[in-house]
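In: when you get a sec, could you give me coordinates for this:
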Amino acid sequence: MKNTFKNFEEYFLTFPEETQQKLEQLRKFIHSLIPGLEEYIGYQMPAFKHNEKPLVYFAGYKNHIGFYPLPEAIIHFENDFEKRKYKFSKGAVQFPMKEDLPLDLVEKMVQFRMMEIDQKKS
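Out: Down below sits the predicted model:
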C-alpha cells in the first residue's frame, strides 16, 4: 500500500461503506473489551497496543476482514477457524464480508493476546 495513514479514520475512508461499518464495529468491540487501548497504524493497518506491545491488527479487503492476532494466537485457535470454515495463514484469519463478525472468537483471541503479553512482561 502506498498510503501512509495517520489514524483509523483515514484508513477506514478508503473502503466502501459496508467495509467501513465492519471495521468500525471491530474497533468499538475491541475497545469495549479493554478500554483505553492505544490505537496506532502498524504495517499500514489499524492496530492496538497493550502495555506498549502490539495486541492485534486488522484490515479491510474486498471480500473479507483480515484479523492479525499474531502467530501464537493463530496456532491456538486453528480448530475454531476450521470449524467455522475461515481461511487462515500463519499470521492472519479472514472473516468473510457476507457474514457477521465472529465477536465471540475475536474476544477470545484478544484475551489470549493480552495474556501472552502480560506473561512475557513478568
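In: need the longest helix for the chain.
Out: Using DSSP state H, we find that the single longest helix of the chain is helix 103-121.
In: tell me the buried residues in that helix?
Out: Neighbour counts over helix 103-121 (16 or more other Cβ atoms under 10 Å) mark 105-106, 108-110, 112-114, 116-117 as buried. (C-beta placed from N, C-alpha, C; glycine too.)
In: name the helices or strands packed onto it?
Out: Helices and strands touching helix 103-121, by 3 or more Cβ pairs under 8 Å, 6 or more residues apart in numbering; DSSP states H and E, are helix 17-33, strand 45-50, strand 53-60, helix 71-76.
In: do that again at 7 Å, thanks
Out: Helix 103-121 sits against helix 17-33, strand 53-60, helix 71-76, with contacts defined as 3 or more Cβ pairs under 7 Å, 6 or more residues apart in numbering; DSSP states H and E.
In: thinking again about what came up before, in CSV: the buried residues of helix 103-121, plus pLDDT and distance to residue 35.
Out: Formatted as CSV, those follow (pLDDT from 0 to 100; distance: Cβ to Cβ, whole Å):
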residue, pLDDT, distance to residue 35
105, 98, 21
106, 98, 16
108, 98, 19
109, 98, 18
110, 98, 13
112, 97, 19
113, 97, 16
114, 96, 13
116, 95, 20
117, 94, 16
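In: which two of the residues you listed have the greatest separation?
Out: Using Cβ to Cβ, the buried residues of helix 103-121 span at most 18.8 Å, a distance reached by 105 and 117.
In: residues in contact with residue 93?
Out: By Cβ atoms under 7 Å, 6 or more residues apart in numbering, residue 93 lies in contact with 67, 74, 81, 86.
In: if we can go back for a sec, any idea which of the helices and strands packed on helix 103-121 is most buried?
Out: Each of the helices and strands packed on helix 103-121 was scored by mean neighbour count; the highest is strand 53-60, a mean of 20, by mean count of other Cβ atoms under 10 Å.
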